[in-house]
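1. Have a look at this prediction, sequence included:
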Amino acid sequence: NLQHVPGARVEVSITWLSDELMARMHATEGLGVDYDYARLDGLVLKTEHGETRDTAFAYVYRHGSLSGTGDHAGLHEISAENRPHRSMRQREALEHVQERIGRACALEDFIHETIADEGLRHEREALLQEDAIPFRWGRWSVVA
């Protein structure tokens, strides 16, 4: 999940899509339900070709970032310079979610039942959203 962390620096990928592919992307991202398509201004993006951009478009998750401790937790697999908070490997983050939900079973079973049962998935999401950290970037606006 996208989050602003002052002073941190990460490598991101940019995807250039045609109008047709952009429409398909919007259809698969839960646009207006789970995600907003937003314009982010005031960035410092440097491309591999040395160009600098100050604006980008991204999907912003409406329900905030995983917390559980009141602080951010980055994914260890995403390398970051100057990350001021802890990071967790993806499996560790999933186990953290499972522990917070209070469901003792094999992690793979936990994931499968969450995917398979929409009502259960929404219950679990609601629990995690209670202390989720909202997206914090002062210069963004919803486009779609």
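-> On my side now, so go ahead.
2. Pop out the phi and psi values for Tyr61.
-> Backbone torsions for Tyr61, taken as degrees, to the nearest 10, come to phi -70, psi 130.
3. And it, how far from Thr114?
-> From Tyr61 over to Thr114 the distance is 17 Å, taken as C-beta to C-beta, to the nearest Å. For every residue, glycine as well, the C-beta is placed using N, CA and C.
4. What ranges does the protein have for its helices?
-> Secondary structure of the chain (DSSP state H): helices at 19-28, 90-101, 107-116, 118-129.
5. For Gly74, which of the ones you listed is the nearest?
-> When the helices of the chain are compared by C-beta to C-beta, helix 90-101 sits nearest Gly74, at 9.5 Å.
6. Does Asp36 touch Ala58 like I think?
-> No: using C-beta atoms under 8 Å, Asp36 and Ala58 do not qualify as a contacting pair, with a distance of 9.4 Å.
7. related to what we said a few turns ago, include distance to Gly42, mean neighbour count and mean pLDDT when you put the helices of the chain into TSV, please.
-> Output for the helices of the chain, formatted as TSV (distance: least, C-beta to C-beta, whole Å; neighbours: other C-beta atoms under 10 Å; pLDDT from 0 to 100):
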stretch	distance to Gly42	mean neighbour count	mean pLDDT
helix 19-28	23	11	94
helix 90-101	29	15	93
helix 107-116	36	13	97
helix 118-129	27	13	95
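8. Turn these into CSV, including distance to Leu75.
-> As requested, those are exported to CSV (distance: least, C-beta to C-beta, whole Å):
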stretch, distance to Leu75
helix 19-28, 21
helix 90-101, 6
helix 107-116, 16
helix 118-129, 16
